[in-house]
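Colleague: Pasting a predicted model and its sequence here:
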Amino acid sequence: MDQITTLGVDLAKDLIVVCGGNRAGRVVLRRQFSPPAFAAWAANLPPCTIGMEACGSAHYWTRRLGALGHNPKLMAAELVGPFRMSRGAKNDRNDAEAVMVAVLQPTMRFVAPKSVDQQAMLAWHRCRKGFMQERTALLNRTRGLLAEFGICVTP
């Protein structure tokens, strides 16, 4: 079997689909893993370039794969779409192959991976924004219910 030099990884919730390519860019491997099985498999893989779409758990996997000696690269999902071979069959397998082809492009723009602290700060801001929206909705709902009983409250 040819040595894998490039991996395209499609990260789903419970399944990770991998498409591996050799130095010439030919597909030599297609596999599916659970996240723990993927981590164990990647630990035994010789160092290679691993491409992923920058969404979901990609920043976590970038840090983890980088610690194993791999060269992980994140790409915006809209930049990977044009490399999908089949426009009609959008599935995890085709997405992984599109990521593998996209990461090999010399003009591809990559996303900087986020540190744990950066992710924590972004999560805090998302939670805070959600709390503010919920507060506003609750106040509006209460104001509407009071108006039904003739009590008008102006902000």
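Modeller: Cool, got the structure.

Colleague: going forward, measure contacts and count neighbours with C-alpha atoms only.
Modeller: Noted.

Colleague: looking at this, Ile151 is in a helix?
Modeller: No - assignment of Ile151 by DSSP: H, G, I helix; E, B strand; the rest coil gives coil, placing it outside any helix.

Colleague: Got the phi and psi for it?
Modeller: phi -100, psi 110 (degrees, to the nearest 10).

Colleague: What is the burial count for it?
Modeller: Neighbour count for Ile151, taken as other C-alpha atoms under 10 Å: 11.

Colleague: going forward, begin numbering at 46 instead of 1
Modeller: Yes, from this point I'll number from 46; that puts the last item at Ile196.

Colleague: Next one: it relative to Thr181, how far apart?
Modeller: According to C-alpha to C-alpha, to the nearest Å, Ile196 stands 19 Å off from Thr181.

Colleague: same check, this time on Gly111
Modeller: From Gly111 across to Thr181, the span is 42 Å (C-alpha to C-alpha).

Colleague: Name the residue in those two with the higher neighbour count.
Modeller: More neighbours surround Gly111 than the other of Gly111 and Thr181, with 16 against 12 (other C-alpha under 10 Å).
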